[in-house]
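Participant: Sharing a sequence plus its predicted fold:
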Amino acid sequence: MSVTVFIQGRNGVTRWQPSKRWLLLPIILMATGTGIYQYNTDRFASQQAKVDENKQLRQQQTQQVIELKTATETQLAALVAHVAKMQAKITRLEALGQQVAQNNLLDDQFDFSTEVGLGGLSEIGNGVELSQLIDEMSKLASRIDNNNVQLSLLETVASNLHIDEERYISGRPIDKGWLSSPYGLRNDPFSGRRTMHKGIDFAGKEGADVTATAAGVVTWSGSMLGYGELVEIDHGNGLRTRYGHNKSLSVNVGDVVAKGDKIASMGSTGRSTGPHVHYEVLRGKQQIDPQEYVYRKAS
């Protein structure tokens, strides 16, 4: 099939019969336009998908930031509450330390009110800044360090004071009973001859408690010639006490005893005529009169 085209020109009408290649040109142009349109459509769709993806990603990031902010605020509030509790406990600890110092007449040497952080944590609420909280925690740590040092020193001083009080020999080694033989020369109950009695005898009921007249370390617990069942306690500073003629012993060598602790039960073992405690005080290796220790007031 052929196509004839008439073209009007200045010299009249010209007859032109195009070839098949020219006839295909519109089809080519139409296909090309359709391809360009489809390309642009696909490109727009791809760009739109990227925009939607970026928008969704930003929304996710925004949600994550909100959740992180909420979690941080919650944790910070919990931390503030924890620090406030710590401060309250330290305040009570300082008050207790000050009271202990006063009880031991050491309040002029130990001042637990120094190096106290300024600005109470109880005033920290909404909108607290992390730098402010860190500053409060640093001050709190400083107070703890200072209190630890002072409490350690106070404990050492107080312990030494209490040890000195406990080592102070005073009182009788029994709760109930009577002085049956004083220190000094007496007629020996077995021979009748004048002999030196190097202690004080306290008579009482068999099995009654025998107690330490001061704190110390047990250096003898067992039988000794003449003393029967004997307990000896070293109180330091060259002073020792002995408790003889016991029925039974309640302590062992090496035990640390406090003033007033039960160390034995009253008996009549050894060279004895009846239930009693033979009580001695030794300075160095020499027995001295226990009377001044028996009747002096407790420290």
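Facilitator: Ah, there it is. Since the model is a prediction, treat every value here as computed from it, not as a measurement. Numbering: from 1, shown residues only.
Participant: measure the closest residue to W220 other than its chain neighbours to D52 for me?
Facilitator: Nearest non-adjacent residue to W220, counting by CB to CB, 6 or more residues apart in numbering: E232, 3.7 Å away. No exception for glycine: its C-beta is placed from N, CA and C like everyone else's. Distance, E232 to D52, using CB to CB, to the nearest Å: 96 Å.
Participant: try A212
Facilitator: 91 Å.
Participant: More neighbours: which of those two?
Facilitator: Using other CB atoms under 10 Å as the criterion, A212 and D52 rank with A212 on top: 25 against 10.
Participant: and the more buried one, what does it touch?
Facilitator: Applying CB atoms under 8 Å, 6 or more residues apart in numbering, we find A212 in contact with 173, 233, 241, 257-261, 263.
Participant: Pull out the buried residues from those residues.
Facilitator: 173, 233, 241, 257, 259, 263 (16 or more other CB atoms under 10 Å).
Participant: Could you export these to JSON lines, including columns for pLDDT, distance to V218 and secondary structure?
Facilitator: Formatted as JSON lines, those follow (pLDDT from 0 to 100; distance: CB to CB, whole Å; DSSP: H, G, I helix; E, B strand; the rest coil):
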{"residue": "P173", "pLDDT": "96", "distance to V218": "14", "secondary structure": "coil"}
{"residue": "I233", "pLDDT": "94", "distance to V218": "6", "secondary structure": "strand"}
{"residue": "T241", "pLDDT": "96", "distance to V218": "11", "secondary structure": "strand"}
{"residue": "V257", "pLDDT": "91", "distance to V218": "6", "secondary structure": "strand"}
{"residue": "K259", "pLDDT": "91", "distance to V218": "14", "secondary structure": "coil"}
{"residue": "I263", "pLDDT": "97", "distance to V218": "8", "secondary structure": "strand"}
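Participant: hmm, which two among the residues you listed are most spread apart?
Facilitator: P173 and V257 (12.0 Å; CB to CB).
Participant: Now T211. Its backbone dihedrals?
Facilitator: Main-chain dihedrals, T211, degrees, to the nearest 10: phi -120, psi 150.
Participant: Go ahead and confirm it touches A258.
Facilitator: No. Checked against CB atoms under 8 Å, the pair T211 and A258 is beyond contact range at 9.8 Å.
Participant: average model confidence for stretch 188-206?
Facilitator: Averaging pLDDT along stretch 188-206 yields 90.
Participant: mind pulling up the phi and psi values for R242?
Facilitator: According to degrees, to the nearest 10, R242 has phi -130, psi 140.
Participant: What separation do you get for the closest residue to it other than its chain neighbours and S265?
Facilitator: Spatial nearest neighbour of R242, chain neighbours left out: E280 (4.1 Å); criterion: CB to CB, 6+ apart. Distance, E280 to S265, using CB to CB: 18 Å.
Participant: got it, and Q56?
Facilitator: On the measure of CB to CB, Q56 and S265 end up 90 Å apart.
Participant: re the thing from before, okay, E280 and S265: which has more neighbours?
Facilitator: Neighbour count, other CB under 10 Å: between E280 and S265, E280 has more, with 21 against 17.
Participant: Whichever strand or helix holds the more buried one - contacts with which helices or strands?
Facilitator: Assigned by DSSP states H and E, E280 belongs to strand 276-283. Here strand 276-283 touches strand 200-203, strand 239-249, strand 286-288, going by 3 or more CB pairs under 8 Å, 6 or more residues apart in numbering; DSSP states H and E.
Participant: Now do the longest one: which elements does it pack against?
Facilitator: To tie it back to what came earlier, the one meant is strand 239-249. strand 216-224, strand 228-236, strand 262-266, strand 276-283.
Participant: Ok, the shortest one next?
Facilitator: Using 3+ CB pairs under 8 Å, 6+ apart as the contact test, the elements touching strand 286-288 are strand 276-283.
Participant: what's next to the strand it packs on, contact-wise?
Facilitator: 169, 172-174, 177, 180, 198-204, 210, 213, 227, 238-246, 266, 268, 272, 287-290, 293-294.
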